[in-house]
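Peer 1: can you look at this prediction? I've put the sequence above it.
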Amino acid sequence: MQLAVWLVIGAATLMFLNWQNDDIDGDSIVPIPFLLDSVAAPVKLESYPPKPFARLKAPIVLAPRKSPAPPSPTKLRAELGQPVPVSITAYCLKGRTRMGTGVREGVVAADPRVFPLSSEIDVLIGKDTLGHFRVEDTGFLIKGRKLDIWLGDCSEARAFGRKRGQATLAPKRNR
């Protein structure tokens, strides 16, 4: 029974889409598909534009088409020495990082699929170097090629906003 209903709805939808795409003259008779007690039936109207679907028991409702997803980068993981375009924000929360250390200057939150935890990165905004950071934190909204830099002053973090830059996975330095 459900299959029959879906077939009827599909046929009615195709008729409706066909009707939308036709070049219609003002004097022509226009078939308009609709559902009447779960049965598809074309109706011929003598006037154009057609009257609204107010008298119909169950009008056809078309869902909008989903736009295709933007192409994702083929490689998500950053390679050593290769610059990666990133979106950079700042945060000022106190507490512990994902690695269990306390937050401090030089700590950045990143997606571990792109920049693994405990890795070190150099961040550039344009041609200016923002600094050398250690990935010790993750964040609920930090997915993909995003970085969240820890700053001690919350007003400074808010003023930082969102910036575009590049991050390069660097070899670990001796501390």
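Peer 2: Received it, and whenever you're ready, just let me know what you need.

Peer 1: which of the three states applies to residue 12?
Peer 2: Classification of residue 12 using DSSP: H, G, I helix; E, B strand; the rest coil returns helix.

Peer 1: tell me the pLDDT of it.
Peer 2: Note on residue 12: pLDDT of 70.

Peer 1: likewise for residue 96?
Peer 2: For residue 96, the predicted pLDDT is 93.

Peer 1: secondary structure element for residue 166, which one?
Peer 2: strand 163-170 (DSSP states H and E).

Peer 1: for residue 156, phi and psi?
Peer 2: Residue 156 adopts backbone torsions of phi -70, psi -40, taken as degrees, to the nearest 10.

Peer 1: do you know how far it is from residue 90?
Peer 2: 7 Å (C-beta to C-beta, to the nearest Å). Placement of C-beta: from N, CA and C, glycine included.

Peer 1: packing partners for the strand holding residue 166?
Peer 2: Using 3 or more C-beta pairs under 8 Å, 6 or more residues apart in numbering; DSSP states H and E, the elements in contact with strand 163-170 are strand 83-91, strand 120-125.

Peer 1: okay, now the unreliable bits of the protein?
Peer 2: Residue ranges of the chain with pLDDT under 70: 1-3, 6-7, 13-75, 175.

Peer 1: for the one helix or strand residue 155 maps to, which positions count as buried?
Peer 2: Element membership for residue 155 (DSSP H and E) is helix 154-160. Within helix 154-160, the residues scored as buried using 16 or more other C-beta atoms under 10 Å are 157, 160.
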